[in-house]
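1. Sequence below, structure please.
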Amino acid sequence: MPTPTIDDHFEIVSSTAYWTAKQLPFRVPRAPLVRVGAPALAHAIDSHDPDTGVGLETWCRQEVRRAIRDFITDRYEA
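-> Coordinates of the predicted model:
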């Protein structure tokens with residue numbers, strides 16, 4: 001089985017950035033969210049342990065969501 005790449009799962013980053021931006025009570029551009037989510041996705045793919053029982057896609061979504069949420073908290077919320 002080939003090793004998954006960031007290109008295989010990039011829709012996770014774009015969809016998470018889109019829905020996060022839509023749910024916020026203030027306007028946040030999606031581009032910075034994508035720039036934060038992409039390295040988080042790469043790290044999630046690299047650090048995923050298949051023995052944990054959590055699937056790769058679920059793991060990636062959790063890590064991308066966490067990175068975007070932390071970015072918003074650090075940058076936009078006081």
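2. helices or strands up against the top helix by length along the chain?
-> In the chain, with assignment by DSSP state H, the single longest helix is helix 56-75. Packing partners of helix 56-75 (3 or more CB pairs under 8 Å, 6 or more residues apart in numbering; DSSP states H and E): helix 10-23, helix 30-47. The way it works is simple: take the backbone N, C-alpha and C, and place the C-beta from them, glycine included.
3. Turn these into TSV, columns for mean pLDDT.
-> Shown next, in TSV, are the helices and strands packed on helix 56-75 (pLDDT from 0 to 100):
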stretch	mean pLDDT
helix 10-23	92
helix 30-47	94
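4. Mind putting the ones you listed into JSON lines with distance to residue 71 and mean neighbour count?
-> JSON lines is the format used below for the helices and strands packed on helix 56-75 (distance: least, CB to CB, whole Å; neighbours: other CB atoms under 10 Å):
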{"stretch": "helix 10-23", "distance to residue 71": "10", "mean neighbour count": "16"}
{"stretch": "helix 30-47", "distance to residue 71": "4", "mean neighbour count": "17"}
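5. Columns distance to residue 56 on top of those helices, output as a markdown table?
-> Converted to a markdown table, those look like this (distance: least, CB to CB, whole Å):
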| stretch | distance to residue 56 |
| --- | --- |
| helix 10-23 | 10 |
| helix 30-47 | 7 |
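6. so who does the most centrally placed residue in the chain touch?
-> Nearest residue to the geometric centre of the chain (CA atoms, centre = their mean): residue 64, 1.8 Å. By CB atoms under 8 Å, 6 or more residues apart in numbering, the contact list for residue 64 reads 12, 13, 16, 37, 40, 41, 44.
7. Quick one: distance of the longest helix of the chain to the chain centre.
-> 4 Å (CA atoms, centre = their mean, to the nearest Å).
8. Only the buried residues of it, if you could.
-> Within helix 56-75, the residues that count as buried by 16 or more other CB atoms under 10 Å are 59, 60, 61, 63, 64, 65, 67, 68, 71, 72.
9. That one vs helix 10-23, what angle?
-> Helix 56-75 runs at 40 degrees relative to helix 10-23, counting by axes from the mean of the first three to the mean of the last three CA atoms, to 10 degrees.
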